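K.L.:
give the three-dimensional model of this entry:
(one chain, ligands or ions: 1)
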Amino acid sequence: MKCIKLNAWKRKSKLTLQVLILSAFSTVAYSETFKVLQKDKAFDKETLQVKVGDTVHFENADPFFHNVFSLSDAKFFDLGSFPKGESRPVIFDKAGTVEVECAIHPNMKMVIEVK
Ligand SMILES: [Cu+2]
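P.N.:
Residues are numbered from 1 along each chain as shown. Alright, predicted model coming up:
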């Protein structure tokens with residue numbers, strides 16, 4: 001009797017593990033990666049639509065430093081300042097409107113819609 005119960009429990013936990021692994025893979029498969037360039041003192045996109053879980057890489061393509069930050073509720077971050085050729089990622093983990101700016105150049109602005 002004990003043996004049967006134990007086997008049933010083992011089968012159940014194996015199944016739970018498989019479901020967990022599958023859902024982890026599907027999250028990875030459905031999230032996308034985007035790239036935003038900082039070029040000629042501007043973001044190369046005025047707006048960008050992403051899904052919750054997507055990653056945006058901000059890349060500096062100018063021969064001087066840029067910064068990337070946002071004070072928005074949907075994503076509050078500051079990537080700091082970085083030189084030409086460097087890129088830094090942000091994962092958008094909450095739905096909403098994210099206003100992205102550069103602290104060095106106040107005219108640099110873009111909006112990321114996270115759905
Ligand atoms: Cu800048």
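
K.L.:
tell me how the chain divides into domains.
P.N.:
Residue ranges for each domain of the chain read 1-30, 31-114, as given by automatic domain parsing.

K.L.:
most tightly packed of those domains?
P.N.:
domain 31-114 (a mean of 16; mean count of other C-beta atoms under 10 Å). Just so you know, the C-beta spots here come from the backbone N, C-alpha and C atoms, and that holds for glycine as well.

K.L.:
between the domains of the chain, which gets nearest to the ion?
P.N.:
domain 31-114 (3.3 Å; C-beta to the ion).

K.L.:
now do the end-to-end distance for the closest one.
P.N.:
12 Å (C-alpha to C-alpha, to the nearest Å).

K.L.:
what mean pLDDT does it get?
P.N.:
Taken as a whole, domain 31-114 carries a mean pLDDT of 98.

K.L.:
run a quick check on residue 112 versus residue 56, I expect a contact.
P.N.:
Yes: the criterion here is C-beta atoms under 8 Å, and residue 112 meets it with residue 56 at 6.7 Å.

K.L.:
hmm, stretch 44-56 in reach of the ion?
P.N.:
No: against the ion, stretch 44-56 shows no contacts by C-beta under 5 Å from the ion, the least distance being 12.5 Å.

K.L.:
centre of the chain versus that stretch, how much separation?
P.N.:
Counting by C-alpha atoms, centre = their mean, to the nearest Å, stretch 44-56 is centred 8 Å from the centre of its parent chain.

K.L.:
stretch 78-90 too?
P.N.:
Worked out by C-alpha atoms, centre = their mean, stretch 78-90 lies 14 Å from the chain centre.
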